[in-house]
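1. Okay, sequence plus prediction incoming.
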Number of protein chains: 4
Amino acid sequence: MNPDLLRGGRLGKLSPESIDFTESTSFDMIILEPVIKINMAHMVMLAKQGIVDKAQSSSCLKSLGTIPFNLTLDPSLEDVHMNVEAYVSKDIGQISGGQINLAKSRNDQVSTAIRMALRDYLLKIISSIVKVQTIILDKSLNYLDTVMPGYTHLQHAQPVTLAHHLIAYHDALQRDCDRLLECFNRVNMSPLGAAAMASTGMKIDRDFTALLLGFDGLVENSIDAVSSRDFASEAVSDLALTMTDLSRAVEEMVIWSSFEFGVMDIADGYASTSSIMPQKKNAVVAELIRGKSSTVYGDMIAMITMMKALPYSYNIDMQQLTPHLWNSCKITLSSLTLFGSMLKESSFNEKRLEYLAKSGFITATDLADYLAVENRIPFRTAHMIVGKIVRTALEEKRTFKETILDNLSKIIKDETNMRIKVSENEINKILDPKRSVESRKTKGGPNKIMVKNMINNRKKNVIKTKNWASSKRRQLKSSEDKLKETVDEIVGGE
Amino acid sequence: MNPDLLRGGRLGKLSPESIDFTESTSFDMIILEPVIKINMAHMVMLAKQGIVDKAQSSSCLKSLGTIPFNLTLDPSLEDVHMNVEAYVSKDIGQISGGQINLAKSRNDQVSTAIRMALRDYLLKIISSIVKVQTIILDKSLNYLDTVMPGYTHLQHAQPVTLAHHLIAYHDALQRDCDRLLECFNRVNMSPLGAAAMASTGMKIDRDFTALLLGFDGLVENSIDAVSSRDFASEAVSDLALTMTDLSRAVEEMVIWSSFEFGVMDIADGYASTSSIMPQKKNAVVAELIRGKSSTVYGDMIAMITMMKALPYSYNIDMQQLTPHLWNSCKITLSSLTLFGSMLKESSFNEKRLEYLAKSGFITATDLADYLAVENRIPFRTAHMIVGKIVRTALEEKRTFKETILDNLSKIIKDETNMRIKVSENEINKILDPKRSVESRKTKGGPNKIMVKNMINNRKKNVIKTKNWASSKRRQLKSSEDKLKETVDEIVGGE
Amino acid sequence: MNPDLLRGGRLGKLSPESIDFTESTSFDMIILEPVIKINMAHMVMLAKQGIVDKAQSSSCLKSLGTIPFNLTLDPSLEDVHMNVEAYVSKDIGQISGGQINLAKSRNDQVSTAIRMALRDYLLKIISSIVKVQTIILDKSLNYLDTVMPGYTHLQHAQPVTLAHHLIAYHDALQRDCDRLLECFNRVNMSPLGAAAMASTGMKIDRDFTALLLGFDGLVENSIDAVSSRDFASEAVSDLALTMTDLSRAVEEMVIWSSFEFGVMDIADGYASTSSIMPQKKNAVVAELIRGKSSTVYGDMIAMITMMKALPYSYNIDMQQLTPHLWNSCKITLSSLTLFGSMLKESSFNEKRLEYLAKSGFITATDLADYLAVENRIPFRTAHMIVGKIVRTALEEKRTFKETILDNLSKIIKDETNMRIKVSENEINKILDPKRSVESRKTKGGPNKIMVKNMINNRKKNVIKTKNWASSKRRQLKSSEDKLKETVDEIVGGE
Amino acid sequence: MNPDLLRGGRLGKLSPESIDFTESTSFDMIILEPVIKINMAHMVMLAKQGIVDKAQSSSCLKSLGTIPFNLTLDPSLEDVHMNVEAYVSKDIGQISGGQINLAKSRNDQVSTAIRMALRDYLLKIISSIVKVQTIILDKSLNYLDTVMPGYTHLQHAQPVTLAHHLIAYHDALQRDCDRLLECFNRVNMSPLGAAAMASTGMKIDRDFTALLLGFDGLVENSIDAVSSRDFASEAVSDLALTMTDLSRAVEEMVIWSSFEFGVMDIADGYASTSSIMPQKKNAVVAELIRGKSSTVYGDMIAMITMMKALPYSYNIDMQQLTPHLWNSCKITLSSLTLFGSMLKESSFNEKRLEYLAKSGFITATDLADYLAVENRIPFRTAHMIVGKIVRTALEEKRTFKETILDNLSKIIKDETNMRIKVSENEINKILDPKRSVESRKTKGGPNKIMVKNMINNRKKNVIKTKNWASSKRRQLKSSEDKLKETVDEIVGGE
């Protein structure tokens, strides 16, 4: 098709700089396949409804079937839509080829195509989350007994186990997954048939094209159908939350693999060295997941502000949304994949974790709880007594235990006037992080049985998500088969 | 409570600037009521489990019951949590008062309280959306026959009706509402019992406190429970999308109420004049909704980036999330309310809309479609023929109709070699925007019957959302009654 | 170079997914030329300092001189730096080739190279602003007498001229330009010689390499030199402000070219039509400038949050900054270019502007001012009197003038008890927008002499900026010559 | 003033919700004082120009002089501007009071007032940066010899000193300071006299009011003057960069004060403990600086996107900018203050730093450099040889030195076929981090003399900034005096 055919009747030539500035072919490749399918489904429907005669529709469908998915797009034709029409028109002549855009418009077609490409990406991302979750749960099983310091404010707080900690990663990802599933349902609705914005006077069948293209329903109001991109902004918001969760986990890995922490050894396949410092082993994959999360934030803010205060219905600003959308999908998918395999292949230094869990004052709360529960010292007072012991230990550079043995009774006496003596045996028990972990049998706590329960339940849930994804894939496959079949009927029946 | 009680045992004084810098009392008022209820539910549970004896628990519960919901918070006590403990300790002495924080921590308490305040806000916002939707649907019924230009790129595209257009607002809000409903389900889960991050060694019953506080379930893993704020970032992302939808509608109102458009008359109650130009009537409420959408974007990006790369579990950065959260909730709620009443009270200039719909070339597509369908001219060629007529009309400064009558046959002949003559009568019909609208009977199109169907279906759906909100409110009310009852049992039974 | 040479001694293989995830070759092409020059300047300096002998340095310099600026970068070599070393090593053997990274590191080299590519972009953008400003000023000269409504809140406020209005665009761009000039000064400082982060024990001469590469000075502290990217974030912040200014101007063009306003006719070269609505002429370039501004906002937020809370010194997160940086530079440069030529080639409908300036109540302030100054009615009262007349006119659907003639004296009497009669002649004068514009002789006001003065002064200033840019270009050219010369000396002198 | 006076003539009542939604009094307090001064300066000018007679101007000036800077603003009067007029009108009657807004408008007044409040904030922030820089430089002097590991990727890279490291903080802040200085120059320009947007027909003297209010010049074009807020967005962008620099330094402090690093002891005045874990000492001030940086990012994105695509000239969206502006100023100012005093009062564990600098492989580059320079092994080969030694040491769990002594000669032989023997003495020297630091005498490097030079030069520069700030303060004070004087003349001369 002559680039001027579209505008020729109406407008003079586009300036060469404008062509570069306004074209979308550079990022349209991802929707080429959907666009071809949409044109097929639409043409099948036009034929079924008697709007286009069998000969023309058969000829269009044949031609559409020959477009390679890696067709080189010509920027001077503006976008993928015009490239497809041009291909067909060149192939079978403009008289028939010109029919493919009858009763539809780029406005509804592009929204339909974006939704199709996005639902595929969402399915991939959801499956990737499922894989990461499986890796986490399997990994956790190795560390049910690995006591480590739990942190708040990057300070030792209370002892937990590595299994317990890793499950927190899983649970954050579960909410990310749930959001993406819900988003999928809003994405997988068909705007096709809204045409430019007012639908069409021809007797098209929107439900039929929706069915052939695997959609769950319609974006009904034709103005809304071409005006809305909240489904895309929503997807990227969800991805931003997912990347935030990953960024937190990889931040831990960067810190954990420092010389000073020394609790994690990143697998070589995910580290690099320096061009000048041969000793370096840098957790570059972890750092890049952290860094790329910001790119997704940027995509999100770009997309949301791009839609700000745009009057209805379609405005071409919306064209610039999609590079951000695909970029965020790509980054999140690769980040999840790499996060999973990095975690799987890396190892933890269990001895170092246990050493750290025994150092310092990590069971101070256990002592305060003991005083509160066993000796009926009010909790706030018990808390203050233990605080004084910690301070004394730090000032005198002695261990927690020594300081307790020498000072506990006296401080209790000073503060409460109670005479209490706790035996060294008892102190040993209280200060033991393993005992502390064991004692925390609350739902969701680090006690081994609680953790095992959590793992088992999550494994079941992961299978549910897997099944959901499989059933969605089957639905898409079956609509694709149906489309192929109806196309073959028309083309074959000619 | 002495501000030093908490830190006295352990740390020297906080610097005065640090007090101002670190305190959260200035934005904690909104969670004071939830914090009191949490303390009550927790104490009831401690009593039930035999962890605190009846006398102490009764005394704590009595004291908690006397805290006014407008208690002045003392910044030197850091936050609402310590203010509540200080109140109770002052009231009943530190020995009993100190018990209220046994087996819980600020870390789980604050997350629980934020969720309780947020779920209330979400319910209000959802109800407000429902109200706006009802106003839109009722308003639409007045404009079923009001033909207007549909716009793309702010250019006349094709005729629609005002009713059809307004429903697009409704449908965008429906997706916003659906997202918030789904978010509610993630918000309404209880982290209580996670304590500092490792749960507790005492035999608490997390399910029981969750029940008393109206939650639907637990945020199970105790590390995840205190580390996660994705529920809050998700809420604000959803609000950002809602505000974007509103910003688009109010942008139209600003444009529509300009002298040049002149199609909308904003009710006086939502406009202001100028301090210097007495003739001005400025759509300030519309403009401010547009402007405040950016504040919500800012809140969103602040929240998401605040969580970026924070290691597990609690870090005090998270304290700064909540001013953003409440700010966005407040802005969105008031924007929705004002948007609804402004729309309700404002009026449209139907004659001007119809005049605009008849001006220009808005039914050019209808002519192209006519040529394609009735005369079997290939669509792309028909498109180009009509383009040439438009260009001729503009160049010769004549009307569309005149130009068609004088040039159509000739141009068709030139382009297709076909001899086609369309009668003036036929042209009149084709160019009539009312006929055009009538003809678009596609699902979701502007045809009156289609629009009526849409309104009816949406009215039913709005009732569904209303019912959902009512049932959630009943659930919260009933858990509140249950809490009151169990408190009364303990306090009364003493 | 074997991809494993760098890591081979120290680490196992990078996983294939990690290669894709961590490579920067896909966006490093823009710094290939700077990297080659840096290597040359560095080698010249090493030779001058006697660190590398003449034979080796000559051989390295010769090889560096043969690298094509479109060299295909191999992703398995991680980045452009290793690709260059690999090229040279392959060319002249590893013994000599391995010397090029002596006493420097990728860390200082990449920062140096980014600064070199960025300063070129900044010069281009500044020159582009100058071009747009020249177009604006030239265009303004055509519209010195074209009265139009000045708007606030998109409502008619007071009459101005189109020349006066266009100068506002110029002035906003002037501040954008000033910011970019100042940014240039921070960008054009050399970090080279900081090496990995601790400089080097070899006797290098940082000032000499800075000179050869056209820098104005050093980023002195070696830790700061490799850790900082604020220069890049600053540049993109400045570009975001520039795009915001453009987005405001193009928003006006979109509105102005609507049917309802009808005051601007976008040149065909910057508009598109519709694939389905042949009458459409959409201001797509204007819309895309508006839309792409959001992409720059996204880049900005991505970059700033990427640096958030990164510990010193280099972290590989910083690698992900540059795609955002180049993207924003590219978008802003093309937006400026297109904005300028679109404005130049488009035309304004002066008659329509003047018609609008006469419609409505745009000179209401003039009447209030008249009453205040000539009749000593307090300003606020005069404002209210005119407000009542406007309201009466609207309610009675009469013109402003008619309503004044019939009601002014009476309303003045009611409000002030003064008896004042203004003649119809006087009213005509007051209401004439041309007279209003003429009267506003305040500095910066729309009076023709004031506007001419503004244009003249700005023309002089534009030349100053041009001269600045030329002198910077000369400086860069002369340092390039110097580098070439010293290279030739070594290579020739061999 | 009756709230309806402004709108009474023209519009019906504002709805109560609209009052809340549109009022700006809740954040206008900060510009009350500037607004009063502007009214004074403007009235002095009106009197000087003979536009208002002496009696009225004297009476207005007297009344303005009695407005308390903590005046309670009435939201029903919309904003601070109307509150001030209402105050004066109530005080001296509407006839005189109504004159204060003659020949100006809220549009120019608000922009003038924001600039006055912002320039004060900028001066405070600049002075605060100077204070922090002084603390950093003084602190550095204590740590000239304190060797520590320099980090890249949070991994040990090469030895530096703490003084060297701290100067990197200083240098980043210097660029922040420079940006704010430049921003000040754009802020301190007067838009007063632009009135609503078209200036005024009265013979006002804009230069005179600019002088009385301490401005450096005019924002000349009257449309630009009321439309532009880039000065405010620029300020917040600069603050966002400043907060990013602070966030990086505090991130280090959080990490450094962890148990595992143990190299920094945060002063008690900037730390908190836990409500449940008495041993905790959390670097809450550092964490909150990190967290609050995100709030400034949010403010920035809110402001920039609020201005996006706003048509000229004033739109009330711009009213919502200022809460973000003041919030960011406040946060940055307090963050700087706290950062400075926290750094000043906290201490470093020099022994631990030196221990860490000796651990691991931090001088591996020194060994590679030694082989390259002393033994003429090509740098890349030397790098690989040392990499192999590191790997061997890690695999055999032996120290770097032992592994070198046992393996160096052999590996050199294998890789280069050279026979090289390095004595244990030599190895000791190479591996000594102190010697390594000493050897790095490059400009900007860690060598003590280099670092001392840097400190001295920076001390001089800090004084320059101080002097600049003082001179700006004097200029503002002197214009204030001049204003007072001229007011007194008029009031006294009555």
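-> Structure's in. What do you need?
2. what's near enough to touch the nearest residue to residue A:47 once chain neighbours are set aside?
-> The spatial neighbour of residue A:47 that comes closest, neighbours along the chain excluded (C-beta to C-beta, 6 or more residues apart in numbering or on different chains), is residue A:57 at 3.8 Å. Placement of C-beta: from N, CA and C, glycine included. With contacts taken as C-beta atoms under 8 Å, 6 or more residues apart in numbering or on different chains, residue A:57 has the following neighbours: A:43-44, A:46-47, A:99, A:490.
3. Looking at these, which is nearest residue C:194?
-> residue A:43 (62.8 Å; C-beta to C-beta).
4. chain center to the helix or strand hosting the closest one: distance?
-> In this structure, residue A:43 is located in helix A:32-48 according to DSSP states H and E. In this view, helix A:32-48 has its centroid 31 Å away from the chain centroid, taken as C-alpha atoms, centre = their mean, to the nearest Å.
5. Can you tell me what sits against it?
-> A:52-54, A:57-58, A:60-61, A:64-65, A:67, A:69, A:71, A:73, A:80-81, A:84, A:88, A:99-100, A:102-104, A:109, A:112-114, A:116-117, A:192, A:204-205, A:208-209, A:212-213, A:480, A:483, A:486-487, A:490.
6. Filter these down to just the buried residues.
-> A:52, A:57-58, A:60-61, A:64, A:67, A:73, A:80-81, A:84, A:88, A:99-100, A:102-104, A:109, A:112-114, A:116-117, A:192, A:204-205, A:208-209, A:212-213, A:483, A:486-487, A:490 (16 or more other C-beta atoms under 10 Å in any protein chain shown).
7. what's around the residue nearest to residue A:445 when sequence neighbours are not counted, how many residues?
-> Excluding its sequence neighbours, the residue lying closest to residue A:445 (C-beta to C-beta, 6+ apart) is residue B:199, at 3.3 Å. With neighbours defined by other C-beta atoms under 10 Å in any protein chain shown, the count for residue B:199 comes to 33.
8. the inter-axis angle of the longest helix seen in chain A versus helix A:32-48?
-> Longest among the helix segments of chain A by residue count, using DSSP state H, is helix A:448-493. Here helix A:448-493 runs at an angle of 50 degrees relative to helix A:32-48 (axes from the mean of the first three to the mean of the last three C-alpha atoms, to 10 degrees).
9. elements contacting helix A:448-493?
-> For helix A:448-493, the helices and strands in contact under the criterion 3 or more C-beta pairs under 8 Å, 6 or more residues apart in numbering or on different chains; DSSP states H and E are helix A:32-48, helix A:54-65, helix A:106-142, helix A:162-187, helix A:206-212.
10. Return the residues in contact with residue A:120.
-> With contact set as C-beta under 8 Å, 6+ apart, residue A:120 has these partners: residue A:476.
11. Relative to chain C, how far out is it?
-> Plainly put, residue A:120 is 20 Å away from chain C if you go by C-beta to the nearest C-beta, to the nearest Å.
12. try residue A:459
-> 25 Å.
13. Can you give me the pLDDT of that residue?
-> You'll see residue A:459 listed with a pLDDT of 98.
14. contacting residues for it?
-> By C-beta under 8 Å, 6+ apart, the contact list for residue A:459 reads A:134, A:137.
15. Tell me how far the residue nearest to residue A:47 lies from chain C.
-> Distance, residue A:57 to chain C, by C-beta to the nearest C-beta: 19 Å.
16. Repeat that for residue A:251.
-> When residue A:251 is compared with chain C (using C-beta to the nearest C-beta), they lie 9 Å apart.
17. Over to residue A:422?
-> If you go by C-beta to the nearest C-beta, the gap between residue A:422 and chain C works out to 42 Å.
18. mind listing what that residue touches?
-> The neighbours of residue A:422, taking C-beta under 8 Å, 6+ apart as the test, are A:370, A:404, A:408-409, A:430.
19. Try it again at 6 Å.
-> With contacts defined as C-beta atoms under 6 Å, 6 or more residues apart in numbering or on different chains, residue A:422 has no neighbours.
20. and it, which of the three is it?
-> When states are read from DSSP: H, G, I helix; E, B strand; the rest coil, the local structure at residue A:422 comes out as coil.
21. Tell me the pLDDT of it.
-> We have a pLDDT of 92 for residue A:422.
22. and the gap between it and residue A:389?
-> For residue A:422, the distance to residue A:389 under the criterion C-beta to C-beta, to the nearest Å works out to 12 Å.
23. Can you list the low-confidence ranges for the stretch 201-350 of chain A?
-> Applying pLDDT under 70 to the predicted model, the residue ranges of the stretch 201-350 of chain A that meet it are A:275-276.
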